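> sequence below, structure please.
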Amino acid sequence: MASPTTLTEETASETNADAAPSARPILASVALPPNRIRRAKTLWPKLLHAAVLPLLVGLALFGYDGQVSVELMQRTWPIMALLTGAYVGAWILSSRFERFPFVGRLETAVASVGITLVPAGIVLLQLPASPVRTLALTVTLGCVAWFLVTGWLQRYRRSRLLLLSGEATEKTLDVPGVSFGRGEDPSEGLDGIVADLHAPLSGFQNVLADQGMKGLPVYHVSYVYELLTARVFLPDSCDASVNIQPPRLYPYAKRAMDLALVLGSLPITGPLMVIAAVAIRLESSGPVLFWQERVGKDGEPFRMVKFRSMYTGNEGEDRAVFADEEDNRVTTVGQILRKLRIDELPQFWNVLKGEMSLIGPRPEQAGLVDYFRGEVELYDHRHRVRPGITGWAQVHQGYADDQESTRRKLEYDLYYVKHQSVTLELLIVYLTLKTIFTGFGAR
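I've put the predicted structure just below:
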């Protein structure tokens, strides 16, 4: 059989707009997180990773003394144990971060070393100047360079998938970065079949039978949609698909992280909040803080606090309205506070009280919640967890300003509810810092 011609990414969007659902399978080429569709051979990469740290230590010792000094090794072993823990931690985090969409290999390397090896290097800098400290810092820089270089050189492999046409699979074709062509299904070179397993597959029985005999796996369209977008496939969602129980100790670990980060950051955030309060009072009259009723976990209302960023008489009306990127109600100081997310810092009080978490879906105004409960299916599922100051939706989309963007935001929120874990929390912390420095999503 003749294989369909794969279109370029530039023409894919134009074809999506004009094409009607086809009765033929669609060949798609997509870049997906590793080991989600096709299992990669990982033995040699693991052995190489395991050999790098001893190699760097040996080279550092040899470069300092001209030989591998046993005496120096004995003096440095406690520090090298710290570096070993940081290196292994970076390795584990990097492999787990790769499971999530929209996080490239280089970015996983930056995030993992930023959480593990960089703090270890800062600790080593506090040691008195000595050959031991010099060697330890040399090894640390070598490890960081190794992760960054390998992350920059590696690319995600594009998978070849056969999409069985239907209303749900057609939606997958609208995702940016998908190259595809229409035609007869190819006879080989596929990594899997994608279909809406909740809809009749009449007309595709022969395709499924032929490829099934070759051992080709069949994936439900919602699974691939999540891998492509980092969002839950909302039309296909049901209670079972998002009611995923987190690991048993996860809620306690999350609460401990919230308290530790809030209290530990006060030496930095405290002065920032004082400066923000003074700036607000100097620019315009009115209270420094703004309180508003929001909807929290299990639909319970609570009063959320933040720095006032609008002129008095606008925010105080407590209206259920969307935030507008060019909102003329926002003060000059408020624009700066919003861009840097400093206006959210008073919500540390809500976190300490247990009404909010540092990470989770943004708490919405009660009026908007009442409206969207009737307009967007499964909207209440986002209230299964504590709302957060930052979250998966915020770092990918920003704030919603209409019904369609709210629906897309809900898909992100449900993805977080479904995949909540300590690893995802750490990734969101990194992406939040990236958001603060770039300004994306702040409104």
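> C-alpha only now, for contacts and for neighbours.
OK.
> break this protein into its domains for me.
Domain assignment for the chain by automatic domain parsing gives 9-39+157-229, 43-153, 250-438.
> now render these as TSV, adding mean neighbour count.
Conversion of these to TSV gives the following (neighbours: other Cα atoms under 10 Å):
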stretch	mean neighbour count
domain 9-39+157-229	17
domain 43-153	17
domain 250-438	18
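> Serialize the ones you listed to TSV and add fields for mean pLDDT.
Formatted as TSV, the entries for the domains of the chain read as follows, by pLDDT from 0 to 100:
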stretch	mean pLDDT
domain 9-39+157-229	72
domain 43-153	85
domain 250-438	86
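> all strands for the stretch 151-300 of the chain, in order.
The residue ranges that make up the strands of the stretch 151-300 of the chain, judged by DSSP state E, counting those that start in this stretch, are 158-163, 179-182, 192-195, 218-220, 289-295.
> any chance of the ones you listed in CSV, with distance to Val330 too?
Formatted as CSV, the strands of the stretch 151-300 of the chain follow (distance: least, Cα to Cα, whole Å):
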stretch, distance to Val330
strand 158-163, 45
strand 179-182, 42
strand 192-195, 47
strand 218-220, 45
strand 289-295, 13
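> closest one to His419 among these?
Distances from His419 to each of the strands of the stretch 151-300 of the chain were compared using Cα to Cα; the shortest belongs to strand 218-220, at 17.5 Å.
> ok now the closest one, how far from the chain's centre?
The chain centre lies 24 Å from the centre of strand 218-220; the measure is Cα atoms, centre = their mean, to the nearest Å.
> same for that strand, what does it pack against?
Under the contact criterion of 3 or more Cα pairs under 8 Å, 6 or more residues apart in numbering; DSSP states H and E, strand 218-220 touches strand 192-195.
> okay, now the sheet partners of the strand it packs on, with direction.
Here strand 192-195 has these sheet partners by DSSP bridges: strand 158-163 (parallel), strand 218-220 (parallel).
> dump the first one to CSV, keeping only the CA atoms.
Coordinates of each C-alpha in strand 158-163 appear next as CSV, following Å, rounded to 0.1, in the frame of the first residue of the first chain:
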residue,chain,number,x,y,z
ARG,A,158,9.0,12.0,16.8
SER,A,159,6.5,9.1,16.9
ARG,A,160,4.4,7.9,13.9
LEU,A,161,0.8,7.3,14.9
LEU,A,162,-2.2,6.2,12.9
LEU,A,163,-5.3,8.2,13.9
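> list of residues touching that strand?
Defining contact as Cα atoms under 8 Å, 6 or more residues apart in numbering, one finds that strand 158-163 is touched by 25-32, 37-38, 169, 185, 189-195.
> from those residues, which land in helices?
Residues of the contacts of strand 158-163 located in helices (DSSP state H): Thr169.
> TSV for the strands paired with strand 192-195, including distance to Gly296?
Conversion of those to TSV gives the following (distance: least, Cα to Cα, whole Å):
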stretch	distance to Gly296
strand 158-163	39
strand 218-220	32
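> now the strand or helix carrying Leu358: how far from the chain's centre is it?
Secondary structure here is read from DSSP states H and E; on that basis Leu358 sits in strand 357-359. Relative to its chain's centre, strand 357-359 lies at 14 Å (Cα atoms, centre = their mean).
> repeat for stretch 384-396
Going by Cα atoms, centre = their mean, the spacing between the C-alpha centre of stretch 384-396 and its chain's C-alpha centre is 10 Å.
> one more: stretch 419-428?
Relative to its chain's centre, stretch 419-428 lies at 8 Å (Cα atoms, centre = their mean).
> now do it: everything it contacts.
Applying Cα under 8 Å, 6+ apart, the set of residues contacting stretch 419-428 is 93, 96-97, 111, 244, 246-247, 250, 253-254, 359, 390-392, 395.
> and Gln164, backbone torsions?
Residue 164: Leu, not Gln. For Leu164, the backbone dihedrals (degrees, to the nearest 10) come out as phi -80, psi 120.
> with adjacent residues omitted, what lies nearest to it?
Nearest residue to Leu164, sequence neighbours excluded (Cα to Cα, 6 or more residues apart in numbering): Pro25, at 4.7 Å.
> isn't that neighbour right up against Thr169?
No: with contact taken as Cα atoms under 8 Å, Pro25 and Thr169 are classed as non-touching, separated by 10.2 Å.
> ok, Val30 - contacts?
Arg158, Ser159, Arg160, Leu161, Gly177, Val178, Ser179.
> got the CA coordinates for whichever strand or helix holds Leu59 in CSV?
For Leu59, the element it lies in under DSSP H and E is helix 43-65. Included here for helix 43-65 are C-alpha records, laid out as CSV according to Å, rounded to 0.1, in the frame of the first residue of the first chain:
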residue,chain,number,x,y,z
LEU,A,43,20.7,0.7,29.6
TRP,A,44,23.7,2.4,28.0
PRO,A,45,22.5,5.9,28.9
LYS,A,46,22.1,4.8,32.5
LEU,A,47,25.6,3.3,32.5
LEU,A,48,27.1,6.4,31.0
HIS,A,49,25.3,8.6,33.6
ALA,A,50,26.5,6.4,36.4
ALA,A,51,30.1,6.6,35.2
VAL,A,52,30.3,10.4,34.8
LEU,A,53,30.5,11.4,38.5
PRO,A,54,33.4,9.0,39.4
LEU,A,55,35.1,10.1,36.2
LEU,A,56,34.8,13.8,37.1
VAL,A,57,36.1,13.1,40.7
GLY,A,58,39.1,11.1,39.4
LEU,A,59,39.9,13.8,36.8
ALA,A,60,39.7,16.6,39.5
LEU,A,61,41.9,14.7,41.9
PHE,A,62,44.5,13.9,39.1
GLY,A,63,44.4,17.5,37.9
TYR,A,64,45.2,18.8,41.3
ASP,A,65,47.9,16.4,42.4
